[in-house]
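# Sequence and predicted structure are below.
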Amino acid sequence: MKRKRKGQKPYDAMRRLLQAQNRIVVRCPWFKGVAASTRWIEWPLGAPMGADGGDVYYDPVLVQTFDDHIEGFVLHEYLHNLCGHIARRGDREIGLWNVAADYAINPFVTKLFDLPPGLCLLDPEFVGMSPEVIYDALGGNGVIAQHWGLTLGANLTKALAEMPPDLSGEPLERARQKWRDVIAAAGEPPAFLKAAIEETIAGR
């Protein structure tokens with residue numbers, strides 16, 4: 001964790017998130033509409049960030065802890081919402097679905113920004129697969145700790161449980177339509193994201 005020096009201003013997590021959004025847009029202008037349409041909500045998650053299909057929640061303490069990788073975390077949450085992962089989960093087990101979705105999107109994130117080693121799920125075996133296919137490949141049943149390690153897995157399982165409930169029903173569909181509209185207005189997606197965005201538009 002970065003320590004506050006004498007005379008230094010208090011850490012401003014919201015300012016840091018907005019800075020990260022700007023850096024993402026500079027690196028990849030396609031995300032300009034996503035950044036403009038993202039609403040940030042402060043919440044004591046127990047994890048740096050989380051998404052519910054519409055908004056993104058952040059824990060200011062952990063944003064500071066992972067300050068060096070915030071661009072990667074922000075892009076990660078963008079992609080959860082853009083790709084409609086909450087709506088696509090269906091009746092799948094929430095922990096393992098989150099594992100599968102992370103394996104699906106993290107290779108896209110690392111095209112632009114780093115993620116903290118050992119914390120974020122990356123496996124070349126799953127590159128290019130949809131979360132549905134990855135979920136089935138993982139067995140469709142399992143414990144989140146098997147993929148993050150016992151201690152980290154337990155902490156992340158707790159963080160998922162303590163997040164506000166995911167959107168559902170009409171509010172979720174409105175949020176999903178919002179992201180489809182953002183995608184349509186953004187124009188041709190970058191080549192590395194094209195397949196995932198086409199999946200989203202197709203309603204996977």
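Structure received.
# Can you pull out the low-pLDDT segments for the protein?
1-7, 140-161, 203-204 (pLDDT under 70).
# For it, which segments count as helices?
With helices called from DSSP state H, the chain shows them at 13-27, 32-37, 60-65, 70-82, 85-89, 94-109, 131-137, 145-148, 150-162, 169-186, 194-202.
# can you tell me which of those comes nearest to Pro48?
Nearest to Pro48, of all these, is helix 60-65, at 4.2 Å by Cβ to Cβ. Just so you know, the C-beta spots here come from the backbone N, C-alpha and C atoms, and that holds for glycine as well.
# buried residues in the closest one?
60, 62-64 (16 or more other Cβ atoms under 10 Å).
# Quick one: list the elements packing against it.
Packing contacts for helix 60-65, counted by 3 or more Cβ pairs under 8 Å, 6 or more residues apart in numbering; DSSP states H and E, involve helix 13-27.
# Give me the buried positions along the helix it packs on.
13, 16-17, 20-21, 23-25.
# closest to Ser37 among the residues you listed?
Using Cβ to Cβ, the buried residues of helix 13-27 come closest to Ser37 at Gln21, 10.8 Å.
# Quick one: neighbours of the nearest residue to the closest one once chain neighbours are set aside, just the number.
Nearest residue to Gln21, sequence neighbours excluded (Cβ to Cβ, 6 or more residues apart in numbering): Ala35, at 4.2 Å. Ala35 is flanked by 16 other residues according to other Cβ atoms under 10 Å.
# measure Ala35 to Arg92 for me?
Ala35 sits 29 Å away from Arg92, going by Cβ to Cβ, to the nearest Å.
# In contact with the residue positioned nearest the centre of the chain, which residues?
Nearest residue to the geometric centre of the chain (Cα atoms, centre = their mean): Glu77, 2.3 Å. Residues near Glu77 by Cβ atoms under 8 Å, 6 or more residues apart in numbering: 49-51, 56.
# repeat that for 7 Å
49, 51, 56 (Cβ atoms under 7 Å, 6 or more residues apart in numbering).
# I'd like the distance between the last one and Asp12.
Which is Val56. 17 Å.
# All set, thanks.
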